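Visitor: Turn this into a structure:
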Amino acid sequence: MILRYSGSEIGMKHIVEVNLADRWQVYQRLNELDIPCCCQNNQPLQVEINNLQTAIQIWSVTRQFIASRQDLICSLEKCWRSSYQAF
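Guide: Below you'll find the model as predicted:
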């Protein structure tokens, strides 16, 4: 995922460069999370980042599409290990 910032102000639109084939799915998921975004034909996905939580959610959603299956499995296993070590 590549974020291109159009400014440093909160509430500004940012371009998220994702594979054209995945762009619509990323857009749909961000809408489900109530993250303001727009995706027009032959245009990059644009999102509005208002806070750190939104930025993390965008990172998480896009990571599902750009990370390899093995990377996602490793991350999940690390989370499970961390959870079990807490008990």
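Visitor: Tell me which stretches of this protein form strands.
Guide: Ranges of strands within the chain are 2-5, 13-17, 37-38, 45-48, based on DSSP state E.
Visitor: most tightly surrounded among those?
Guide: strand 45-48 (a mean of 20; mean count of other Cβ atoms under 10 Å). Quick note: C-beta positions are derived from backbone N, CA and C, even for glycine.
Visitor: can you list the strands of the chain in CSV and add distance to Gln25 and mean pLDDT?
Guide: Compiled in CSV, these are given as follows (distance: least, Cβ to Cβ, whole Å; pLDDT from 0 to 100):
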stretch, distance to Gln25, mean pLDDT
strand 2-5, 17, 50
strand 13-17, 13, 82
strand 37-38, 12, 92
strand 45-48, 11, 90
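Visitor: and the ones you listed as a markdown table, adding distance to Ser75?
Guide: Output for the strands of the chain, formatted as a markdown table (distance: least, Cβ to Cβ, whole Å):
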| stretch | distance to Ser75 |
| --- | --- |
| strand 2-5 | 20 |
| strand 13-17 | 20 |
| strand 37-38 | 24 |
| strand 45-48 | 22 |
